[in-house]
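**Student:** Everything below, folded, please.
(2 chains)
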Protein chains: 2
Amino acid sequence: MAEPLKVGLAGLGTVGTSVVRLLEDGRDKLSARCGRAIEVVAITARARGKKRGVDLKKYRWVGDPLALARDPSIDVLVEVIGGAGDPAKAAVEAALAAGKPVVTANKALLARHGQKLAALAERHGVALNFEAAVAGGIPIIKTLREGLNGNAFTRIYGILNGTCNYILSRMEHDRLGFEECLREAQRLGYAEADPSFDVEGHDTAQKLSILASLAFGTKLDPHAIYVEGISSITLADLDAANGLGYRVKLLGVAVKTEAGIEQRVHPTMVPKDSAIAQVMGVTNAVTIDAERVMPITLVGPGAGGLATASAVVSDLADIARGVRGAPFGRPASRMTATRKAPMQHHEGGYYIRLLARDRPGTAATIARRLAQQNISLESIVQRHDAAEKRAASGRSGAPVPVIMITYATSEDAVRRALSAVRRDRVISGRPQVIRIEKN
Amino acid sequence: MAEPLKVGLAGLGTVGTSVVRLLEDGRDKLSARCGRAIEVVAITARARGKKRGVDLKKYRWVGDPLALARDPSIDVLVEVIGGAGDPAKAAVEAALAAGKPVVTANKALLARHGQKLAALAERHGVALNFEAAVAGGIPIIKTLREGLNGNAFTRIYGILNGTCNYILSRMEHDRLGFEECLREAQRLGYAEADPSFDVEGHDTAQKLSILASLAFGTKLDPHAIYVEGISSITLADLDAANGLGYRVKLLGVAVKTEAGIEQRVHPTMVPKDSAIAQVMGVTNAVTIDAERVMPITLVGPGAGGLATASAVVSDLADIARGVRGAPFGRPASRMTATRKAPMQHHEGGYYIRLLARDRPGTAATIARRLAQQNISLESIVQRHDAAEKRAASGRSGAPVPVIMITYATSEDAVRRALSAVRRDRVISGRPQVIRIEKN
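**Tutor:** Predicted coordinates:
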């Protein structure tokens, strides 16, 4: 049997310590699968003394990630520190420059610097693997990079953030508001103290930019993505979606259009009978559409120390076996600058919820403004029950919720129509707009 | 750029001609992804003159598959002839023996001779790829072989036969009987003129034996599988399942038990909220359970020329890139003989539907027989509505359907109890038994 693959591990959080455990527990099975053992030989992390629930004494401690990357005794660097800047960036660059393959779980680093890192890995002829960076336990990177090379992709979309999906599922299931579910997610450790990176869609956007590059060969560019989070979603929206045969999910969507690759993250109404609508709680899912074949959906754990560590170990196993492809499936030099399809040109159906003032002519005004933008309605619902209740209690004149579903139209048309309606002062508050994604 | 990978294609049915088309249409993209072109150079099929809707004149015709496999001008053999015997077997063996990698979509060949073929491929240091053999368009082979090497699998199960899933979905959706849906499947080309291979579960069993070997390292042995088809399933079963929160699917299940790897194919009640229960029509799906992580489910097209051809092209792309692993993820010599876990030892919940004779003491007799085998009931339903109708029409005394769901028990206990009940002559006809698979 060949020499063991010697691993330097930078980062000893939940993922890092789980990697240590998996490599120890799975030693024999991995040796059989790879034709050689995979061994951690050196480690580093910010705090040396910290209790981590795993015996690390047998591994050599190195002072910092950069020194670890350059350490001549390691064959491969595993970077599970996180963050787009140093020390993660410097360590990954140093390892690649020294001709050592790298396994990383760092979506921020890849979204920001993936293009340069891929070129560096190719120049030195080494692997840069990052299965753990997107949808932790789901083998989506390998599937896009190697598994579906015969397919001509047209769209890739998914639930890439467990925190948001937990909150939306919980709101629907337990009939609670956004804030309350967010606090619950924080209590359970699903959301950070500052939740904005997750709930405002930025985490999803970083992951989407990685998937879009793999699927469409676009240069990584998180700024090419339209991003909108879930904090404005109310129970009324979830109920209305339900009545109309939809469920609301925060999706990342990359789709080939005539204008280029459209990349967007926003709350989305998906048909209740679609595979993606069934995905509840912290679970992630990705659907891949290709020309002339049925879609493929992968569902599984998006995070968690062990699921993420499994992906890291899988990447290490590929390196141990000598598998080495371009990080994004094709040479970095052949990745094309994204022709950013502007969000105003997005076309699709829309869900619009307005609070209409209860005055004569309001409905006519709204209808006229939509018609002026050539927007046709598939359905329109006024909440008569609520209105009747108000009438009975004598509180007439209060705004009436109006829910509309449009046929396919453009983002631009919807924005113009709603601006006009607001200027007409026939509604109270901001209109709620949720895009519809058909399967 | 390196020399093109020269492909010899044996078999020109729907899959074979789709492979030709995909390689032609995707030429540039594949070259970029693989660092070399992939070109068909020689072809063969049973009938040369047949119209196939694709221009094959530019490809050299070779007299038979064996000659093609040995042809010095080809680098790799694609075998999409089908069948466990010759000419498919002889051609695959000849190519491997000549040191040429092989891509095959032939589940029957692999289920029967996979062990020997894997050993042959390893001896000659070449790839034997078969992504298309199981669940056509879903990259399940790569996922098990390479993608989840960090996971310790405990169970793998799935909907592996589109014909059966189409029939069961159609029965439920349109409230039709098995025979009528089967005829419809035949009319649509989803089922063969002789449907028994599909509907009796043998197709699923062949695919399951391949998945079980990849997941658990067992030697391929289709005879180690308990097989039961869907022809006995009635609308009454689907309705009862629905009322109890389940849906009926034909599943292939391989699970690690204390007695060994249990492999079985049978109609199965799955919880309606599980990912697998949502899979309707000809779609396939596979769920993978591993220790201490959430399950992963892959959903997509199980058959169809283009989906299957995409998988073949993906396998070719791996060969073009030089990826080469053991066909079943570990050396054939290290695959262990399955300790066949006998079906009598299977443990789980059961759905039992009986037609009880409408006589005093019947219920007591059935209850006693179950109790004698230590079977506890989670629920029991007598169809009172049907009984009342009969009473009203004066046709009392006709048998009454009784539906029971057991707590976890053993196959052996259920069989003994039902034999006793039949000997007691308190029921008419055969009891219906459907195993329950929890997620």
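
**Student:** Quick one: low-confidence residue ranges for the stretch 1-150 of chain A.
**Tutor:** The stretch 1-150 of chain A contains residues with pLDDT under 70 at A:1.

**Student:** Tell me the residues on it that lie near chain B, please.
**Tutor:** Residues of the stretch 1-150 of chain A lying close to chain B by C-beta under 8 Å from any C-beta of the partner chain are A:22, A:25-26, A:29-30, A:32-35, A:131, A:137-139, A:142-143, A:146-150. C-betas here are computed from N, CA, C, even on glycine.

**Student:** let's see it at 7 Å
**Tutor:** By C-beta under 7 Å from any C-beta of the partner chain, the part of the stretch 1-150 of chain A that sits against chain B consists of A:22, A:26, A:30, A:32-33, A:137-139, A:142-143, A:146-150.

**Student:** Report the buried members of those.
**Tutor:** The neighbour-count test (16 or more other C-beta atoms under 10 Å in any protein chain shown) marks A:22, A:26, A:30, A:32-33, A:137-139, A:142-143, A:146-150 as buried among the residues of the stretch 1-150 of chain A next to chain B.

**Student:** and the residues you listed, which of them are in strands?
**Tutor:** Among these, no member falls in strands (DSSP state E).

**Student:** Keep only those of those residues that are in helices.
**Tutor:** Applying DSSP state H to those, the entries found in helices are A:22, A:30, A:32-33, A:142.

**Student:** of the residues you listed, closest to residue B:406?
**Tutor:** Lowest distance from residue B:406 to these (C-beta to C-beta) belongs to residue A:22, with 37.2 Å.

**Student:** Near chain B, which residues of the stretch 301-439 of chain A are found?
**Tutor:** The stretch 301-439 of chain A comes close to chain B at residues A:301, A:304, A:306-307, A:309-314, A:317-318, A:321, A:323, A:325, A:329-331, A:334, as judged by C-beta under 7 Å from any C-beta.

**Student:** avg pLDDT for stretch A:410-425?
**Tutor:** Averaged across stretch A:410-425, pLDDT comes to 95.

**Student:** same question, stretch A:356-368
**Tutor:** For stretch A:356-368, the per-residue pLDDT averages 88.

**Student:** buried sites along that stretch?
**Tutor:** Buried residues in stretch A:356-368 (16+ other C-beta under 10 Å): A:356-357, A:362, A:365-366.

**Student:** Output that stretch as CSV, nothing but the C-alphas.
**Tutor:** Once non-C-alpha atoms are left out, stretch A:356-368 reads as follows in CSV (Å, rounded to 0.1, in the frame of the first residue of the first chain):
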residue,chain,number,x,y,z
ALA,A,356,-56.1,48.7,0.0
ARG,A,357,-57.9,51.7,1.4
ASP,A,358,-61.6,51.0,1.7
ARG,A,359,-62.7,53.8,-0.5
PRO,A,360,-64.7,53.8,-3.8
GLY,A,361,-62.5,53.5,-6.9
THR,A,362,-59.5,51.9,-5.1
ALA,A,363,-59.9,48.6,-7.0
ALA,A,364,-60.3,50.4,-10.3
THR,A,365,-57.1,52.4,-9.7
ILE,A,366,-55.0,49.3,-8.8
ALA,A,367,-56.4,47.5,-11.9
ARG,A,368,-55.6,50.5,-14.2
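
**Student:** so how far is that stretch from its chain's centroid?
**Tutor:** Centroid separation for stretch A:356-368 versus its chain: 39 Å, with C-alpha atoms, centre = their mean, to the nearest Å.

**Student:** Same check on stretch A:414-433?
**Tutor:** Distance, centroid of stretch A:414-433 to centroid of chain: 30 Å (C-alpha atoms, centre = their mean).

**Student:** Ok, stretch A:241-253 next?
**Tutor:** 16 Å.

**Student:** Residues contacting it, please?
**Tutor:** A:157-161, A:164-165, A:168, A:201, A:204-205, A:207-208, A:230, A:233, A:237-238, A:264-265, A:267-272, A:276-277, A:351, A:379, A:405, A:434, A:437 (C-beta atoms under 7 Å, 6 or more residues apart in numbering or on different chains).

**Student:** got the CA coordinates for it in CSV?
**Tutor:** Provided in CSV are the C-alpha atoms of stretch A:241-253 (Å, rounded to 0.1, in the frame of the first residue of the first chain):
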residue,chain,number,x,y,z
ALA,A,241,-49.3,31.1,-0.4
ASN,A,242,-50.8,28.0,1.1
GLY,A,243,-54.3,28.8,-0.2
LEU,A,244,-52.9,29.3,-3.7
GLY,A,245,-51.0,26.0,-3.7
TYR,A,246,-47.6,27.4,-2.9
ARG,A,247,-45.1,27.4,-0.1
VAL,A,248,-42.6,30.2,0.6
LYS,A,249,-38.9,29.3,0.6
LEU,A,250,-35.7,31.4,0.5
LEU,A,251,-34.2,30.3,-2.7
GLY,A,252,-30.9,31.0,-4.5
VAL,A,253,-31.6,30.8,-8.2
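
**Student:** okay, the closest residue to residue A:260 other than its chain neighbours: pLDDT?
**Tutor:** Leaving aside its chain neighbours, residue A:260 sits nearest to residue A:339 (3.1 Å; criterion: C-beta to C-beta, 6 or more residues apart in numbering or on different chains). pLDDT recorded at residue A:339 is 70.

**Student:** My read is that residue A:339 contacts residue A:257, right?
**Tutor:** No - here residue A:339 lies out of contact with residue A:257, judged by C-beta atoms under 7 Å, at a distance of 9.6 Å.

**Student:** surely residue A:433 meets residue A:414?
**Tutor:** Yes - Residue A:433 lies in contact with residue A:414 (C-beta under 7 Å); the separation is 6.4 Å.

**Student:** Between the two, which contacts overlap?
**Tutor:** Residues touching both residue A:433 and residue A:414 (C-beta under 7 Å, 6+ apart): residue A:350.

**Student:** just the strands in the stretch 101-250 of chain A please.
**Tutor:** Secondary structure of the stretch 101-250 of chain A (DSSP state E, counting those that start in this stretch): strands at A:102-104, A:128-129, A:153-159, A:226-227, A:246-257.

**Student:** out of those, nearest to residue B:18?
**Tutor:** Taking C-beta to C-beta, strand A:153-159 is the member of the strands of the stretch 101-250 of chain A nearest to residue B:18, at 17.2 Å.

**Student:** ok, and does the closest one reach over to chain B?
**Tutor:** No - applying C-beta under 7 Å from any C-beta, one finds strand A:153-159 out of contact with chain B, separated by at least 10.1 Å.

**Student:** Show me what that strand is in contact with.
**Tutor:** Looking at strand A:153-159 with C-beta under 7 Å, 6+ apart, the contacting residues turn out to be A:165, A:211-212, A:215-216, A:249-256, A:276, A:279, A:284-291, A:437.

**Student:** That strand vs strand A:246-257, what angle?
**Tutor:** Orientation check (axes from the mean of the first three to the mean of the last three C-alpha atoms, to 10 degrees): strand A:153-159 against strand A:246-257 gives 150 degrees.
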